[in-house]
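J.: any chance you could fold what I've pasted below:
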Amino acid sequence: MLSRMVLAIVIGPFFSDASYSDDHIRVIGDGGGGFAPAVVVSDAELIHTTQLFPISQDSELIGGGDPATQIDRVMNDLVNVLAACDARPEDIVKLNVYLADESASEATLTSLKRQFGDHSRPAVTFVTTKLPVEGALIAVDAVAARTPQADSNQVERRHVDTSGGRDKLAHVSVVPQGDVIFISGQAEPADNLEEATQKTLAGLARTLEHLDLDLDDVAQVKCFLQPMSDADAAYRAAEEFFGDQLVPPISCVEWISSYPNEIEMVVHAPATESSETVDYAWLPWLSESPVYCRLTRVRGGTLIYTSGFFGDMRSNESEQVADVFGQLQRTLELGGSDLRHMAKATYYVSNEEASGRVNEIRPTLYDPQRPPAASKALVYGVGFPGRHVTIDMIAAPTAGE
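T.: Okay, the predicted model is just below:
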């Protein structure tokens, strides 16, 4: 029963007209149960939240082993964090859901449907991962869009006192209008997680300097790390790296890798003009690849966020990967984009067969001069039994809207 429900909610018969829009947000298709295949955001300030856990203001676990209580707490915290930035649940355009156990997926879906109803329908991605809070079964982070409120060129980070978490960590960043830069995951070999985090952040600082940007411009950080039991070391390294600043919102996923940490960033940059809505770049000191670039720069103020698509659970890994890419292509077309205007890709794969098939199919679909910035993570699962791959994408339109 659960597998059929997931298909209806997350994938669904979504090739229809947009079902919700306001001045800045346009939903593409009909997710069939509350979630959008894609959401287009235009001419808005972006709000990135940190990874939120079912904890109290004093960082004590709430909900025990009950997933329904935990997800309700997390979503309540998300609403409060957004309210601190004058944003509403209806403004959420992308929701990432992190499940420590796939058995929590049904309760999570029920809660999310209740929270969002039929009016607000964000794009949603699920992944199964260990979490840095002991006993936590679920975590979320989100991107929301709001009407520009100030003539500012600076990222504003805020710690929300009513939420739990580390004192030096921003719960949210408010990103002004301008260009958005997506930096692919960078990793450095090291003997432990703290050293790997320090070295990788130093490499990302070099990237920012290459772009004439600095730490003030970082809007969000995502870590693919292992082991999650040492995540505190990664947080400490980030706090040291950002010094007196609040650390940008951080989300962590445990991956299966020989590298202790791979880190990617979302960065704000001043608006620039170009005939292209997205530019692709490699870094001279790092290797080049035809299936991912080192960073992309999106211009024009429009982003397209897709849900994490799934293939049929009855299919094998190869068929699921092909199905997911087919859904991605059709959804991008509905959103006014295509595979030559992808900006940021995250590939979650739960076994080597799915990972290998992703590697095989990308060169047949991607323009080697225009591949997205990307991270590919071998993880414990993609949220639901029987699925082996999910891909979420951020794209730009083929032309300015």
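J.: quickly list what the residue positioned nearest the centre of the chain is bridged to.
T.: Central residue of the chain (C-alpha atoms, centre = their mean): residue 96, 5.9 Å from the mean position. With DSSP bridges as the criterion, residue 96 is bridged to residue 125, residue 141.
J.: for it, give me its contacts.
T.: 124, 125, 127, 140, 141, 142, 251, 392 (C-beta atoms under 8 Å, 6 or more residues apart in numbering). C-beta here means a position set from N, CA and C on the backbone, and glycine is covered the same way.
J.: so what's the fifth one up against?
T.: Going by C-beta under 8 Å, 6+ apart, residue 141 touches 48, 49, 50, 51, 52, 95, 96, 249, 251.
J.: quick one: it from residue 241, how far?
T.: 20 Å (C-beta to C-beta, to the nearest Å).
J.: picking up where we left off before, nearest to residue 39 among the contacts of residue 96?
T.: The shortest approach to residue 39 among the contacts of residue 96 belongs to residue 124, at 10.0 Å (C-beta to C-beta).
J.: how many other residues sit next to that closest one?
T.: 29 (other C-beta atoms under 10 Å).
J.: same thing with residue 64?
T.: As a burial measure, residue 64 scores 11 neighbours (other C-beta under 10 Å).
J.: dump the residue contacts of the residue nearest to it when sequence neighbours are not counted.
T.: In space, and not counting its chain neighbours, residue 64 is closest to residue 135: 7.4 Å by C-beta to C-beta, 6 or more residues apart in numbering. Neighbouring residues of residue 135 by C-beta under 8 Å, 6+ apart: 61, 64, 65.
J.: make sure the last one is actually in contact with residue 136.
T.: In other words, residue 65. No. Residue 65 is beyond contact range of residue 136, at 10.4 Å (criterion: C-beta atoms under 8 Å).
J.: neighbour count winner among these two?
T.: residue 136 (20 against 11).
J.: per-residue pLDDT, the residue lying closest to residue 51 once chain neighbours are set aside?
T.: Residue nearest to residue 51 in three dimensions, not counting chain neighbours: residue 251, with 4.0 Å by C-beta to C-beta, 6+ apart. For residue 251, the model assigns a pLDDT of 98.
J.: same deal with the one 4 residues further on?
T.: Reported pLDDT at residue 255 in the predicted model: 98.
J.: residue contacts, it?
T.: Contacts of residue 255 (C-beta under 8 Å, 6+ apart): 224, 225, 226, 262, 377, 378, 379.
J.: now residue 79
T.: Contacts of residue 79 (C-beta under 8 Å, 6+ apart): residue 89.
J.: any weak-confidence spans in the chain?
T.: Within the chain, the ranges that satisfy pLDDT under 70 run 1-21, 30-34, 118-120, 400-401.
J.: no further questions, thank you.
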